[in-house]
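Asks: sequence unknown, structure follows:
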């Protein structure tokens with residue numbers, strides 16, 4: 001024989017479903033908003049870093065460099081300057097200078113990675129095929145940053161770009177800085193873990209509150225059932241709790257009144 005679900009169980013299930021849906025929707029909304037905040041915060045940081053660094057680069061020194069000048073004092077001075085400036089930001093792993101030629105091709109000029117590994121660094125005049133092409137072209141006018149994570153032959157990054165201008169305000173090159181994409185992912189992962197813990201806490205607290213509430217209802221209904229059964233059995237002195245100020249309390253008062261009339 002199948003046993004019917006009690007009212008307390010039904011209320012508990014309904015409330016838990018409501019809590020789960022509400023908390024779940026709130027968690028998704030907060031998580032999506034947080035992703036936007038993390039992404040825009042990262043982009044702003046990269047744009048600001050690239051913009052500040054670009055103002056410190058001597059445009060004339062950049063224009064003098066030609067293919068084959070890697071390792072020259074002039075090249076090394078610029079590479080060291082880039083390395084020194086980017087070292088103030090722990091998230092930046094690489095800084096470099098590019099130019100856009102008359103055909104719209106993006107070429108490297110200086111890569112501070114040369115100081116660490118000349119064989120793996122970009123060479124002067126090397127064409128850079130990058131998913132960030134539009135952002136680099138935009139950086140000829142204003143600082144900008146990657147819209148999304150991208151991958152090139154050196155790794156997976158998000159990058160910031162800014163124009164390097166001469167004394168007349170004309171853009172002669174673009175400075176780029178790279179942040180390893182995993183740092184942004186790690187920050188998002190830590191936030192996701194915190195959000196998941198908060199969601200679980202809300203769920204547990206809600207479940208506890210619903211349990212206490214429904215247990216109180218179930219207890220009082222059970223007492224009323226016992227009282228009615230006692231009255232039906234002929235008892236005339238049945239103790240009925242009428243202290244509740246809700247529908248169950250109204251029912252208790254009605255049963256107590258019925259008991260008085262039957263005495």
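Replies: Thanks, I have the structure now. All values derive from a computational prediction rather than experimental measurement.

Asks: Let me know the average pLDDT across the strand or helix carrying residue 197.
Replies: Using DSSP states H and E, residue 197 maps to helix 181-232. Helix 181-232 shows a mean pLDDT of 72.

Asks: again with stretch 99-109
Replies: 93.

Asks: In that stretch, which residues are buried?
Replies: Using 16 or more other C-beta atoms under 10 Å as the test for burial, stretch 99-109 gives 99, 100, 106, 107, 108, 109. Placement of C-beta: from N, CA and C, glycine included.

Asks: any idea how far the third one lies from residue 37?
Replies: For residue 106, the distance to residue 37 equals 30 Å [C-beta to C-beta, to the nearest Å].

Asks: next one: the first one
Replies: The span separating residue 99 from residue 37 equals 34 Å under the rule C-beta to C-beta.

Asks: Same check on the fourth one?
Replies: According to C-beta to C-beta, residue 107 stands 35 Å off from residue 37.

Asks: just the second one next, same as before
Replies: As for residue 100, its distance to residue 37 is 32 Å (criterion: C-beta to C-beta).

Asks: residue ranges with poor pLDDT in this protein?
Replies: Low-confidence segments of the chain (pLDDT under 70): 1-8, 34, 182-188, 191, 220, 226-263.

Asks: Kindly report the domain assignment for it.
Replies: Split into domains by automatic domain parsing, the chain comes to 7-28+188-262, 45-180.

Asks: Highest mean neighbour count out of those?
Replies: Ranked by mean neighbour count under mean count of other C-beta atoms under 10 Å, the domains of the chain are led by domain 45-180, which reaches a mean of 18.

Asks: Now do it: distance from first to last residue.
Replies: Taking C-alpha to C-alpha, to the nearest Å, the span from the opening residue of domain 45-180 to its closing residue is 13 Å.

Asks: The helix or strand where residue 151 lies pairs with which strands?
Replies: Taking DSSP H and E as the definition, one finds residue 151 inside strand 150-152. Sheet pairing of strand 150-152 (DSSP bridges) gives strand 155-165 (antiparallel).

Asks: Right, I'll leave it there.
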